[in-house]
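> Return a 3D structure for these sequence lines:
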Amino acid sequence: MKELERLVRKHLKDRRWDKLRPSDLAKSISIEAAEPLELFQWVSLSVEETKSDKEKMEEIKKESADVIIFALEMSVTLGFDTRRIVKKNLAAS
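Predicted structure coming up:
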């Protein structure tokens, strides 16, 4: 997890996004989280059907990565220990 946090920190700095406000990141997370819905608009595929569609799987991977990256950007920006907060939430549920 620390490696991912380091890569995200570099990603933010390289793009001069390291001064983004938490509200900017929250908006971006919300916007990105809606994008996987487009992949399933008008269809309700089973897990098996989804997995058998290689093109759809690649699109899902890309959109999932975008959501995860923005969530990590929020965590890094606010100085969270991402591993710790995820483990704490998993244990609480």
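> other SSEs contacting the longest helix along the chain?
The longest helix of the chain (DSSP state H) is helix 54-77. Helices and strands touching helix 54-77, by 3 or more Cβ pairs under 8 Å, 6 or more residues apart in numbering; DSSP states H and E, are helix 2-14, helix 22-39, helix 47-52, helix 82-92. Glycine gets a C-beta too; all of them are placed from N, C-alpha and C.
> list the buried ones in the second one?
By that I understand helix 22-39. Neighbour counts using 16 or more other Cβ atoms under 10 Å place L25, S28, I29, E32, L39 of helix 22-39 among the buried residues.
> Look up the closest residue to E5, ignoring the ones flanking it.
Leaving aside its chain neighbours, E5 sits nearest to V76 (5.4 Å; criterion: Cβ to Cβ, 6 or more residues apart in numbering).
> what about the one you found, how many neighbours?
21 (other Cβ atoms under 10 Å).
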